[in-house]
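Asker: Predicted model, plus sequence, below.
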Amino acid sequence: MTTTTGEFFKVVIVGHVDHGKSTLIGRLLHDTGTIPPDKLETIRQACADAGQPFEYAYITDQIREERLQGITLDTTQIFFRSARRDYVIIDAPGHREFLKHMITGASQAEGAMLVIDAREGVREQTRRHACLLAFLGLRAPVIVVNKMDLMDFHEDAYIAICREITELFSTLDLTAAAPIPIAAATGDNVAAPSDHLRWYAGPTLLEALDTLPKPAPLTDAPLRLPVQDIYHVNGMRIAIGQLASGRIADGDCLRLLPGEGEVTVTSLHEFGRERHAAECGENVGLALAGDVAVRRGQVIAARDAVLPTVTREVYGALCWLADAPLEREEPLTFRCATQEAPCRVTRIAQRMDSASLLFCEEDAPQLYETEIGQVVIATERPVIIESFARTPALGRFVLERRGTIVAGGVVIC
């Protein structure tokens, strides 16, 4: 019986190209009854008309085509439902040139699946994706050993992959339960146990997903609300934004950062409807009283709690995404939540190859494509930040070069 609550659990799926992500997504949609029978029959008929055998990857491709017509390839969000809860699969392309989209997708995720081909084992993109999952705080991904049918479901092939994963994860300080052996093409051990895998005593993939814990909301943390915009309505000054953490209510006296200003909430609004309170994750408008000016990019914070850091110097770890290397002191733009500030990277303390996981250089003059660097960023004006572990919205940033995103990073402090 379905017992879902309507709240989506977001899972990013990553893996080396051709390791079977699309087939696995299509199989999950089919085996959970998410894909309507008429649509499935349409895809089967289209394959027959083209003289091609039906593959479950075509289900995923059809969804991508419907959602991305005329749009540059990006992460795709695909919905399905188990007996326990509703899911959003964030499908992050596996090609090297789409790494920035993978980072964008993974940064929204609450859990992760890392897909590995049983024939090929851990490859360059497998290591890179594992590194980026650790980088983004997704430290307990579900490991899926796919295409076991092509290895005749032999346990030895599975054990060999487990050894590779153990070695990789120990390097990255990642943790995971035993990898899940499956064959997405045939459905073995995806949503139901398989007779071909009698030697395996663990959960199916769907059971493993259903046991992933949902991160605790930051409702009980101190209030953080990045200001997105200011509206003036019927004589009221209304600050619009999403609560990154904490709660807010009528009458609250709050700090406005940067600076020493204070504002008082006279009322809360949501699409013209008056509210009296809101909490983490909600988008609200705050009617504010106070003499200080309020602008986009400021952060409204609880007055009687530890405040976030206001600084012109950010210590971070970032993944460089551009063809042309990062040069120290080159002009860039720092973006964090709703904040934007001109900046320069003044120090590249370390650079690491995200595929080999080897440190290449200390105090480096440059950082190259797909490398991860520990850096110091100097901003022209104060920015409000916190560690990614404490408040993700104020601990995640991107760097732009002439309007193009060239790096994604997290605050470390």
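Answerer: That came through fine. Numbers count the residues shown, from 1 in each chain.
Asker: what are the bridge partners for Glu371, then?
Answerer: Glu371 has these beta-bridge partners by DSSP bridges: Asp353.
Asker: Contacts only, for it.
Answerer: 319-320, 351-354, 360 (CB atoms under 8 Å, 6 or more residues apart in numbering). C-beta here means a position set from N, CA and C on the backbone, and glycine is covered the same way.
Asker: Which among those count as buried?
Answerer: Buried residues within those, counting neighbours by 16 or more other CB atoms under 10 Å: 319-320, 351-354.
Asker: Pop out the phi and psi values for Ile230.
Answerer: Backbone geometry at Ile230, expressed as degrees, to the nearest 10, gives phi -120, psi 130.
Asker: how close does it sit to Ala239?
Answerer: 6 Å (CB to CB, to the nearest Å).
Asker: which of the two has more neighbours?
Answerer: The neighbour comparison of Ile230 against Ala239 (other CB atoms under 10 Å) goes to Ala239, with 23 against 17.
Asker: Overlap of the contact sets of Ile230 and Ala239?
Answerer: Val294.
Asker: which is the next helix or strand following the helix or strand bottoming out on mean pLDDT in the chain?
Answerer: Of all helical and strand segments in the chain, the minimum by mean pLDDT, DSSP states H and E falls on helix 99-106, at a mean of 61. Downstream of helix 99-106, the next assigned helix or strand under DSSP states H and E is strand 111-117.
Asker: residues making contact with whatever helix or strand comes next after that next one?
Answerer: Next in sequence after strand 111-117, counting helices and strands by DSSP H and E, comes helix 124-135. Residues from elsewhere that reach helix 124-135 (CB under 8 Å, 6+ apart): 12, 14-17, 19, 94, 96, 99, 102-103, 106, 112, 114, 116, 139, 141, 168-169, 172-174, 317, 319, 354-357, 370, 372, 410.
Asker: same for the next helix or strand after helix 124-135, what does it pack against?
Answerer: Downstream of helix 124-135, the first helix or strand assigned by DSSP H and E is strand 142-146. If you count contacts as 3 or more CB pairs under 8 Å, 6 or more residues apart in numbering; DSSP states H and E, strand 142-146 packs onto helix 21-31, strand 111-117, helix 155-172, strand 180-181, helix 205-210.
Asker: Kindly export strand 142-146 (C-alpha atoms) in PDB.
Answerer: This file holds the C-alpha atoms of strand 142-146, laid out as PDB (Å, rounded to 0.1, in the frame of the first residue of the first chain):
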ATOM      1  CA  VAL A 142      24.300   4.100  -2.600                       C
ATOM      2  CA  ILE A 143      26.700   2.100  -4.700                       C
ATOM      3  CA  VAL A 144      25.100   0.300  -7.700                       C
ATOM      4  CA  VAL A 145      27.100  -2.500  -9.400                       C
ATOM      5  CA  ASN A 146      25.200  -2.600 -12.700                       C
END
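Asker: what about Thr333, how many neighbours?
Answerer: Neighbours of Thr333 using other CB under 10 Å come to 19.
Asker: Hmm, Ala341 and it touching each other?
Answerer: Yes: under the criterion of CB atoms under 8 Å, Thr333 makes contact with Ala341 at 7.2 Å.
Asker: and the helices and strands packed on strand 142-146, which is most packed in?
Answerer: Mean neighbour counts were taken over the helices and strands packed on strand 142-146 using mean count of other CB atoms under 10 Å, and the top value, a mean of 27, falls to strand 180-181.
Asker: Contacts for that one, please.
Answerer: Counting by CB under 8 Å, 6+ apart, 118, 142-145, 148, 153, 158, 189, 197, 200, 202-205, 208 sit against strand 180-181.
Asker: at 10 Å what do you get?
Answerer: 113, 118, 142-148, 151, 153, 155, 157-158, 161-162, 188-190, 194, 196-197, 199-200, 202-209 (CB atoms under 10 Å, 6 or more residues apart in numbering).
Asker: can you give me how far that strand is from the chain middle?
Answerer: Relative to the chain's own centre, strand 180-181 is displaced by 23 Å; criterion: CA atoms, centre = their mean, to the nearest Å.
Asker: List the neighbouring strands of that strand plus their orientation.
Answerer: Note on strand 180-181: by DSSP bridges, its sheet partners are strand 142-146 (parallel).
Asker: orientation of the strand it pairs with relative to strand 111-117 in degrees?
Answerer: Strand 142-146 runs at 20 degrees relative to strand 111-117, counting by axes from the mean of the first three to the mean of the last three CA atoms, to 10 degrees.
Asker: I'd say Met352 and Glu361 touch.
Answerer: Yes: using CB atoms under 10 Å, Met352 is in contact with Glu361, at 9.1 Å.
Asker: list the residues that contact both of the two?
Answerer: 367, 371, 373.
Asker: Mind splitting the chain into its structural domains?
Answerer: 8-210, 218-302, 309-411 (automatic domain parsing).
Asker: By mean pLDDT, show me the worst of those domains.
Answerer: Mean pLDDT values for the domains of the chain show the minimum at domain 8-210, a mean of 85.
Asker: Now find how far off-centre that one is within its chain.
Answerer: With CA atoms, centre = their mean, you get 15 Å for domain 8-210.
Asker: likewise stretch 218-231?
Answerer: 20 Å.
Asker: and it, which residues are buried?
Answerer: 218, 221-227, 230.
Asker: Ok, stretch 126-146 next?
Answerer: Those would be 126-138, 141-146, for stretch 126-146 by 16+ other CB under 10 Å.
Asker: any idea how far Leu225 is from the closest residue to Gly395 other than its chain neighbours?
Answerer: Spatial nearest neighbour of Gly395, chain neighbours left out: Phe388 (3.2 Å); criterion: CB to CB, 6 or more residues apart in numbering. To Leu225, Phe388 is 18 Å away according to CB to CB.
Asker: ditto for Gly26
Answerer: Distance from Gly26 to Leu225, by CB to CB: 40 Å.
Asker: Let me know the closest of the shared contacts of Met352 and Glu361 to Thr404.
Answerer: Nearest to Thr404 out of those is Leu367 (CB to CB; 16.0 Å).
Asker: which residues pair with that closest one across the strands?
Answerer: Judged by DSSP bridges, the bridge partners of Leu367 are Leu326.
Asker: surely it meets Cys360?
Answerer: Yes: in this structure, Leu367 is within contact of Cys360 by CB under 10 Å, at 9.5 Å.
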